[in-house]
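A.B. asks: okay, sequence plus prediction incoming.
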Amino acid sequence: MSDGAKILIVEDNELLLALLRRALEQEGYEVVPAPNGLEMMKVLYASKPDLVVLDVGLPDVDGRDLLAALKKDPRTFAIPVLVWSGGSAESDRRIALELGAEDYVQKGAPSALVPKIQRVLYRLSEREIKNARASAPPKKPVA
Ligand code: CA
């Protein structure tokens, strides 16, 4: 039950990427994979993902720099980013959240990540419904 939201996964570990991809596709998500920062920037604007899962340790760029760049760009700042990192330190988590990540997930089985993704997308859809209500034109008074 996920109405086919599109998820961009940035992960250089092929095995992990394949595992995540399978788990998310089983949940009905559409997955756009990117093995590094350069590929991510190539597919980002065209694919218009609903959410980005971002590995911090990438071969070409620091995931934190990518996150900061995404959050500065008016085209992408509204896309929720889940930072997916091998580090368990509280400082990693704090840095990710300070840079604008929606959440931080320690690397492990996809089973830990999938519910987080679902929660973020759910929160987002709730927000959209509220915004739509708030901006709806006022009803005409009944004469
Ligand atoms: Ca990595």
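C.D. replies: Arrived safely, thanks for sending.
A.B. asks: and residue 4, that one's in a strand?
C.D. replies: No: counting by DSSP: H, G, I helix; E, B strand; the rest coil, residue 4 is not part of a strand but coil.
A.B. asks: show me what contacts it?
C.D. replies: 28, 29, 30 (C-beta atoms under 8 Å, 6 or more residues apart in numbering). (C-beta placed from N, C-alpha, C; glycine too.)
A.B. asks: what do you get if the cut-off is 10 Å, keeping everything else the same?
C.D. replies: Residue 4 makes contact with 27, 28, 29, 30, 50, according to C-beta atoms under 10 Å, 6 or more residues apart in numbering.
A.B. asks: quick one: the residue of the chain found nearest the ion and residue 90, what's the gap?
C.D. replies: The chain approaches the ion most closely through residue 57 (3.9 Å), counting by C-beta to the ion. According to C-beta to C-beta, to the nearest Å, residue 57 stands 18 Å off from residue 90.
A.B. asks: around the ion, pick out the residues from the chain.
C.D. replies: Listed as neighbours of the ion in the chain under the rule C-beta under 5 Å from the ion: 12, 55, 57.
A.B. asks: now do the strands in the chain.
C.D. replies: For the chain, applying DSSP state E gives strands covering 6-10, 30-34, 51-55, 81-85, 103-106.
A.B. asks: got a pLDDT number for residue 2?
C.D. replies: Looking at residue 2, its pLDDT reads 48.
A.B. asks: quick revisit: okay, the strands of the chain in a markdown table with mean pLDDT and distance to residue 65 next?
C.D. replies: Below are these laid out as a markdown table (pLDDT from 0 to 100; distance: least, C-beta to C-beta, whole Å):
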| stretch | mean pLDDT | distance to residue 65 |
| --- | --- | --- |
| strand 6-10 | 97 | 12 |
| strand 30-34 | 97 | 15 |
| strand 51-55 | 96 | 11 |
| strand 81-85 | 92 | 12 |
| strand 103-106 | 89 | 16 |
